[in-house]
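J.: sequence-free structure coming up:
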């Protein structure tokens, strides 16, 4: 089994080396440019910028319209707010109307510098509900499918204990974070075998990476839209009404074809990963479960999902059940 697994890894790594854009994901196209700006420029721009507003209500909030990745940059043209942790450029988002909890992956790639994000969650009156700082969002060394970055996972309940609802989200950094640096871990051996440019640069870079006032970040949203719940309820009601009706209406063939097509599209997830790479991830997950290392298996699941393997969690569940 170990021999087979090793061979699969070699095959997958060979495939990855021919598709570097898939596994080296810096987020927005502006990432490398903005993270190569001298940190001193970002600090100076922040110091000279005027405070945008006295209240968080006065910020412009961008509505999150769908689950998935949201890549963006925080630049000197963004508003500056004076938080209790110091002044910072800020990006403001209005959270989607979700059924149940909302899961959010927060990440910021490291190039020549890094914007270390903090997340402040606000209620419907723009009052603070929860803060996610360096206790949640911290340095995550590069792996076969990800670059060095700051990363954290946050879960927003549908309602907090006092029935307050999370409505808005702010991305900013702190004065303390900007004063620090990050020393990178040695490059991952498997990633190094792919010949990735970011890994080669890391091998020759011995100095710590400075934190800055501007940079790139990503929010990846995972939730069930409330609209889907309403649509499902309407569909269920229609089924009940039809079944209780004395008149039976036969659907036309075109209607049947339409329903079948919609059902197939809603139940089919399209994978955007090479078959060899998918096989590697599946075997790595299965091996980690077989070794009893569930933490490792779950991390591989997350890496696999970021690489485009949509059924990674299903592979993990089946492996656990097979024990």
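T.: Yep, that arrived. Everything numeric here is computed off the predicted structure, so don't read it as measured data. Numbering: from 1, shown residues only.
J.: which non-adjacent residue is nearest residue 69?
T.: Excluding the flanking residues, the one nearest residue 69 by C-beta to C-beta, 6 or more residues apart in numbering is residue 220, at 4.8 Å. (C-beta placed from N, C-alpha, C; glycine too.)
J.: quick one: distance of the helix or strand where the one you found lies to the chain centre.
T.: Taking DSSP states H and E as the criterion, residue 220 maps to strand 215-225. Distance of strand 215-225 from the chain centroid (C-alpha atoms, centre = their mean, to the nearest Å) equals 5 Å.
J.: quick one: low-confidence parts of this protein?
T.: By pLDDT under 70, the weakly predicted segments of the chain are 1-28, 30, 145, 187-206, 228-272.
J.: so how far is residue 282 from residue 311?
T.: Look at residue 311 and residue 282: by C-beta to C-beta, to the nearest Å, they are 9 Å apart.
J.: these two - which one has more neighbours?
T.: residue 282 (21 against 16; other C-beta atoms under 10 Å).
J.: the more buried one belongs to a helix?
T.: Yes: checked against DSSP: H, G, I helix; E, B strand; the rest coil, residue 282 lies within a helix.
J.: quick check on the nearest residue to it once chain neighbours are set aside: phi, psi?
T.: Leaving aside its sequence neighbours, residue 282 sits nearest to residue 315 (C-beta to C-beta, 6+ apart; 5.0 Å). Main-chain dihedrals, residue 315, degrees, to the nearest 10: phi -60, psi -40.
J.: thought residue 285 was touching residue 315, still the case?
T.: Yes: judged on C-beta atoms under 8 Å, residue 315 makes contact with residue 285 at a distance of 5.1 Å.
J.: pull up the overlap in contacts between the two.
T.: Counting by C-beta atoms under 8 Å, 6 or more residues apart in numbering, the contacts common to residue 315 and residue 285 are 301, 304.
J.: when these two are compared, which one has more neighbours?
T.: Counting neighbours by other C-beta under 10 Å for residue 315 and for residue 285 shows that residue 285 has the greater number, 28 against 22.
J.: and the more buried one, its phi and psi?
T.: Torsion angles, degrees, to the nearest 10, at residue 285: phi -60, psi -50.
J.: which ones are touching it?
T.: Under the criterion of C-beta under 8 Å, 6+ apart, the contact list for residue 285 reads 297, 300, 301, 304, 312, 315, 316, 319.
J.: quick one, strands of the stretch 201-323 of the chain?
T.: Along the stretch 201-323 of the chain, counting by DSSP state E, counting those that start in this stretch, strands occupy 209-210, 215-225.
J.: neighbouring strands for the longest one, and are they parallel or not?
T.: If you go by DSSP bridges, strand 215-225 pairs up with strand 68-74 (antiparallel), strand 98-109 (antiparallel).
J.: can I get those in TSV with mean neighbour count?
T.: Shown next, in TSV, are the strands paired with strand 215-225 (neighbours: other C-beta atoms under 10 Å):
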stretch	mean neighbour count
strand 68-74	18
strand 98-109	20
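J.: export the ones you listed to JSON lines and tack on distance to residue 153?
T.: Converted to JSON lines, those look like this (distance: least, C-beta to C-beta, whole Å):
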{"stretch": "strand 68-74", "distance to residue 153": "14"}
{"stretch": "strand 98-109", "distance to residue 153": "6"}
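J.: what about residue 144, neighbour count?
T.: 26.
J.: that one sits in which helix or strand?
T.: Under the criterion DSSP H and E, no helix or strand holds residue 144.
J.: which parts of stretch 156-166 are buried?
T.: By 16 or more other C-beta atoms under 10 Å, the buried positions in stretch 156-166 come out as 156, 164, 166.
J.: before we move on, what about stretch 301-313?
T.: Buried, per 16+ other C-beta under 10 Å, within stretch 301-313: 301, 302, 303, 304, 305, 306, 307, 308, 309, 311, 312.
J.: same question for stretch 59-67.
T.: Buried, per 16+ other C-beta under 10 Å, within stretch 59-67: 59, 61, 64, 67.
J.: return the distance of it from the chain's centre.
T.: In terms of C-alpha atoms, centre = their mean, the centre of stretch 59-67 is found 16 Å from the chain centre.
J.: same check on stretch 81-99?
T.: So, by C-alpha atoms, centre = their mean, the centroid of stretch 81-99 is 17 Å from its chain's centroid.
J.: i'd like the first residue to be 56 from this point on
T.: Let's use 56 as the start, then, which means that last one is stretch 136-154.
J.: report the buried residues of it.
T.: Under the neighbour-count criterion of 16+ other C-beta under 10 Å, stretch 136-154 has 136, 138, 140, 142-148, 150-151, 153 buried.
J.: need the max-distance pair from those.
T.: The span of the buried residues of stretch 136-154, defined through C-beta to C-beta, is set by 142 and 153 at 31.4 Å.
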